[in-house]
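>>> any chance you could fold what I've pasted below:
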Amino acid sequence: HLEKPMKNYVTKVGIGYDVHKLIKKNKDSIYKDFKLGGHKIDLDYYLHGHSDADVLLHSLTDSIYGALNYLDIGQHFPPAEKKWKDSNSFIFLNHALEELEKRDGKLIHTDIVIITELPKISLHSKNIKLSISKQTGINQNRISIKGKSNEGIGFIGRKEGLAVITNTTILINLDDI
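So this is what the prediction gives:
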């Protein structure tokens, strides 16, 4: 198939941010799997949140919404609504990608920074990319994942939480913005 001419297209950037509380597992607690980008990681901690608490997918979703000037994840999927309890966060990301497609847009690149003391992101980045690609169809070459430590400082340094910052670049038709 032939791609449309690009003369009416513009590059836009969106930034996403999310943070979730890290909770240490114990034998008496009921907990969720620890997932980043849909990739399950064996860890003695889990992320607390209303949905599946996939902080990476939440940040990525918001970055796409931002590039589209399309509110934020909480506006589309309010955490107070019971129907989103324990939901798979790919539901949210795929919604953002559908909105991008409706506007004749294309995801060019996404740069994801995971700020955490654990797990060691370099050990999981390849599997995280693969998981996102499989669930969304985004080419792995358009996904960058980096892990950063907080060097023991603040709530992240004390292993009380994990944060993700995402910068996503899209190409979109001027007629659709």
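>>> next one: stretch 64-73 to chain centre, how far?
13 Å (CA atoms, centre = their mean, to the nearest Å).
>>> first-to-last residue distance for that stretch?
End-to-end distance of stretch 64-73: 10 Å, with CA to CA, to the nearest Å as the criterion.
>>> again, but for stretch 28-38
25 Å.
>>> other residues contacting that stretch?
By CB atoms under 8 Å, 6 or more residues apart in numbering, the residues outside stretch 28-38 that reach it are 23, 25, 40-43, 45-47, 52-57, 60, 86, 88-90, 112, 114, 119, 121, 124, 128-129, 131-132, 135, 145. Just so you know, the C-beta spots here come from the backbone N, C-alpha and C atoms, and that holds for glycine as well.
>>> residue 162 falls within a strand, correct?
Yes. With the criterion set as DSSP: H, G, I helix; E, B strand; the rest coil, the secondary structure at residue 162 is a strand.
>>> who does it bridge with?
Per DSSP bridges, the residues bridged to residue 162 are residue 20.
>>> shouldn't it be in contact with residue 113?
No. Taking contacts as CB atoms under 8 Å, residue 162 lies outside contact range of residue 113: 11.4 Å.
>>> looking at these two, which is more packed in?
A direct count of neighbours by other CB atoms under 10 Å for residue 162 and residue 113 places residue 162 higher, at 26 against 18.
>>> contacts only, for that one.
19-20, 22, 47, 55, 114-116, 156.
>>> okay, and which of the residues you listed map to strands?
19-20, 22, 47, 114-115 (DSSP state E).
>>> kindly reformat those residues as TSV containing distance to residue 151.
Converted to TSV, the ones in strands among the contacts of residue 162 look like this (distance: CB to CB, whole Å):
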residue	distance to residue 151
19	17
20	20
22	16
47	21
114	15
115	10
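>>> will you turn those residues into a markdown table that also has distance to residue 166 and pLDDT?
Output for these, formatted as a markdown table (distance: CB to CB, whole Å; pLDDT from 0 to 100):
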| residue | distance to residue 166 | pLDDT |
| --- | --- | --- |
| 19 | 12 | 98 |
| 20 | 14 | 97 |
| 22 | 19 | 95 |
| 47 | 16 | 94 |
| 114 | 10 | 98 |
| 115 | 12 | 98 |
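>>> thank you kindly, that will do.
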